[in-house]
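A.B. asks: 3D model of this:
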Amino acid sequence: MLKQLFKNFVLKGTDWLFRTRSIEVTLIKSALGVIITIYAGPPLIEIILRIFLDTLPSTFIVVRQTIDTVDSWILMICSIVILVALVLIVVRFLSERKSNTKKRVLVIESRGLRDDDGSPLDQIISNKFTGQVIPVLLDLRNRLDGSIVNPEQAIDDISATHRAVLQHQKHINRSDLTIVYGGLTSVPYTFLTGLMLDDEGTICTYDWDRTQEDWRYPDMEDDGLVFEVSETEEITNVEEVVIALAFSYPVNSEDLESTFSMPVVRLTLDGMSSDAHWSQDKQRRLAQQFLEIVKKLSAKGVKRIHLVMAAPNSVVFTFGRRYDKRNLPEIVVYQYERNKRPSYPWGILMPVAGVERARVQYS
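C.D. replies: Okay, the predicted model is just below:
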């Protein structure tokens, strides 16, 4: 324990000395500079003068004698300054260490599309965030690999995870808690998770990079691309509408026709790609564009939205977080099953617009 504490202290001290501009570092550098100048400067100058002049000027001799009379005082003062700076460094280190012990990083990782462990998200987070990392595994894999068997059970699991987050918040200051989310689950589960965690403060969202086979934070710049929206003017006197949102893959018309018999509004991302989501700012902006479309439909009298999404996990999570629970219509988010009829066999009715609890609805 003491050995590790000393090691951390040395690492912190080295980092402050060479990387951080602080009052402690300034004091140490200044004091060391004065000591080097007083004790190394005159001998060096004397050597240079003897090489080029063969003699020492009287002015230099006087200055040298003056320095020799006060060098002990200068050394003492500089030593005191260095000692004070070291004490300040120790105090700062202990203060930061005490502060870090209070911090918690709640890492919520949801798994469900593939029945394998992969690379744990909490191991990645431990190197990027300060504080105690608390992993919360949302395991929705009580089903066949890639095929969902019991969607009702998953709703209970997501609710339990939400309660776990609330429980952690009760025992710690909100400013000391950081929530990180990452996962690879089906669209309805991810949307519901985002919807339920919406009110729990700032959440840092990660996504799985299939190319790098690792977790990645969407920190790229916003490219400004928007959804191309099909005409909504023709939608009148209907209470239910399908929104087909194509972010990473197209939404097939035949698949929609196999399940729904109501008007369809298409949102297709310009530059649609499975690798077009690595900007958190872009995700938030497109989520707002989606909400504006829903508001427009609500103003036309639409009471329920049937949402079909072809989008990466982090995008679905962000859209779920941004959906207004009180002022927007009911929304059912559907699961896609390739080569099956109906192609969207079930969806989750989200707890919004007066719906008290999420529940599964079968086509």
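A.B. asks: okay, CA-based contacts and neighbour counts for the rest of this
C.D. replies: OK.
A.B. asks: helices along this protein, start to end?
C.D. replies: 2-18, 23-53, 58-102, 121-125, 151-170, 187-196, 253-257, 280-299, 313-322 (DSSP state H).
A.B. asks: next, the contact list for S298, please.
C.D. replies: Residues in contact with S298 (CA atoms under 8 Å, 6 or more residues apart in numbering) are L328, P329.
A.B. asks: pLDDT wise, what is it at?
C.D. replies: Note on S298: pLDDT of 94.
A.B. asks: and it, how far from V180?
C.D. replies: 32 Å (CA to CA, to the nearest Å).
A.B. asks: pLDDT-wise, which helix or strand of this structure ranks last?
C.D. replies: Lowest on mean pLDDT, DSSP states H and E among the helices and strands of the chain sits helix 2-18, with a mean of 60.
A.B. asks: for the spatially most central residue of the chain, which non-adjacent residue is closest in space?
C.D. replies: In the chain, the residue lying closest to the centroid (CA atoms, centre = their mean) is C204, at 2.6 Å. Distance criterion CA to CA, 6 or more residues apart in numbering; nearest residue to C204, sequence neighbours excluded, is V180 at 4.7 Å.
A.B. asks: a markdown table for the helices of the chain, including distance to G354?
C.D. replies: Converted to a markdown table, the helices of the chain look like this (distance: least, CA to CA, whole Å):
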| stretch | distance to G354 |
| --- | --- |
| helix 2-18 | 53 |
| helix 23-53 | 57 |
| helix 58-102 | 38 |
| helix 121-125 | 35 |
| helix 151-170 | 17 |
| helix 187-196 | 14 |
| helix 253-257 | 27 |
| helix 280-299 | 15 |
| helix 313-322 | 17 |
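A.B. asks: which one of those lies nearest to R359?
C.D. replies: helix 151-170 (7.1 Å; CA to CA).
A.B. asks: just the residues contacting the closest one, thanks.
C.D. replies: Here helix 151-170 has contacts from 106, 136, 138-140, 177, 189, 192-193, 196-197, 200, 358-360, using CA under 8 Å, 6+ apart.
A.B. asks: what's the farthest-apart pair in the residues you listed?
C.D. replies: L177 and V360 (32.2 Å).
A.B. asks: hmm, back to that, what about the residue nearest to C204, how many residues close to it?
C.D. replies: 22 (other CA atoms under 10 Å).
A.B. asks: which residues touch it?
C.D. replies: So V180 contacts V105, L106, V107, I108, I203, C204, T205, Y206 (CA under 8 Å, 6+ apart).
A.B. asks: out of those, grab the one that's most surrounded.
C.D. replies: Going by other CA under 10 Å, V107 tops the contacts of V180 with 26 neighbours.
A.B. asks: wait, doesn't that one sit right on Y181?
C.D. replies: Yes: under the criterion of CA atoms under 8 Å, V107 makes contact with Y181 at 6.0 Å.
A.B. asks: centre of the chain to stretch 176-185, how far?
C.D. replies: With CA atoms, centre = their mean, to the nearest Å as the basis, stretch 176-185 stands 7 Å off its chain's centre.
A.B. asks: likewise for stretch 127-140?
C.D. replies: Distance of stretch 127-140 from the chain centroid (CA atoms, centre = their mean) equals 12 Å.
A.B. asks: mind listing what's buried in it?
C.D. replies: For stretch 127-140, burial by neighbour count (16 or more other CA atoms under 10 Å) applies to G131, V133, P135, V136, L137, L138, D139, L140.
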